[in-house]
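S.K.: sequence-free structure coming up:
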Ligand SMILES: [Zn+2]
């Protein structure tokens, strides 16, 4: 799946989940908390592809998401790709093929998803406001890059970075401290998980079972069979899937805000 589809699926899942919590569990969020969770989940849904590095010294290549903060995020992607490849070789079994890059390995596993979610929460708990503002900055950047890819492409990474910093600071200044922190870790983790599911419906698949060995393979790629798998960049992805995710997001948002708007309307009329 391409970046925008990943980001959109993260946003759709967070909004739908929030709507369900609101409806069935009586768990209500402020509009700002909702917006932050949605942005962080959309950003988290791009995070696993930060393992697709380019040529950092020549400032070339890399996944779109790796270019969010220019050469800085390209460098992070380079490091993540090398660590992933290291873990691949450290844990590979005899039937696992040789590889020369770590894309779609470690960052596309469930233990990594859990670690990132837990790590985010731990950072927020340990370092408080500075961790929160840094994580928001990073995740909002990824979300902007994914959700508004054409704008981000035209604007360039400096503008994206400045916009993320401004959004992170505004959020931080307005978000009450008692509720936001655990939700940030959850949103990052859910985002990563949604990314894995998104890659599973494409041909290449992901090593979802790692680290469970199966038939002398630790890194078995699991995805839909070729006949029904989604082709990256196909009409089914770009038109059908994205439209469905957008409609879902809009409906969930309406479901979340409509009751309070209607209430206000009744009082005023
Ligand atoms: Zn991926």
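M.R.: Happy to help now that I have it. Treat the numbers as computed from the prediction; the structure is a model and nothing was measured. Residues are numbered from 1 along each chain as shown.

S.K.: how about the one residue in the stretch 51-200 of the chain that gets nearest to the ion, nearest residue that isn't a chain neighbour?
M.R.: Nearest residue of the stretch 51-200 of the chain to the ion, counting by CB to the ion: residue 199, 4.4 Å away. C-beta here means a position set from N, CA and C on the backbone, and glycine is covered the same way. Of all residues not flanking residue 199 in the chain, residue 206 sits nearest, at 4.7 Å (CB to CB, 6 or more residues apart in numbering).

S.K.: after the helix or strand of the chain with the lowest mean pLDDT, next one along is what?
M.R.: Taking mean pLDDT, DSSP states H and E as the measure, the chain has strand 60-61 as its least confident helix or strand, at a mean of 62. For strand 60-61, the following helix or strand on the C-terminal side (DSSP states H and E) is helix 71-91.

S.K.: give the rounded mean pLDDT of that following helix.
M.R.: Averaged over helix 71-91, pLDDT sits at 91.

S.K.: in that helix, which residues are buried?
M.R.: For helix 71-91, burial by neighbour count (16 or more other CB atoms under 10 Å) applies to 71, 73-78, 80-81, 84-85, 87-88.

S.K.: wait, the residue nearest to residue 199 sits on residue 219?
M.R.: No. Residue 206 is beyond contact range of residue 219, at 9.7 Å (criterion: CB atoms under 8 Å).

S.K.: interface residues of the chain facing the ion?
M.R.: 49, 199 (CB under 5 Å from the ion).

S.K.: what's the longest helix in the chain?
M.R.: The single longest helix within the chain, with elements called by DSSP state H, is helix 242-268.

S.K.: so where does residue 161 fall, helix or strand?
M.R.: Going by DSSP H and E, residue 161 is in helix 157-174.

S.K.: which neighbouring elements make contact with the next helix or strand after that helix?
M.R.: Sequence-wise, the next helix or strand downstream of helix 157-174 (DSSP H and E) is helix 177-200. With contacts defined as 3 or more CB pairs under 8 Å, 6 or more residues apart in numbering; DSSP states H and E, helix 177-200 has these neighbours: helix 3-24, helix 31-44, helix 110-127, helix 129-147.

S.K.: report the mean per-residue pLDDT for the helix or strand following helix 177-200.
M.R.: Remark: after helix 177-200, the chain's next helix or strand is helix 235, criterion DSSP H and E. Computed over helix 235, the mean pLDDT rounds to 86.

S.K.: again, but for stretch 109-126
M.R.: What stretch 109-126 shows for mean pLDDT is 94.

S.K.: any chance you could list what contacts it?
M.R.: Contacts with stretch 109-126, where a contact means CB atoms under 8 Å, 6 or more residues apart in numbering, come from 44, 47-48, 106, 131-132, 135, 181-182, 184-186, 188-190, 192-193, 196, 206-208, 210-211.
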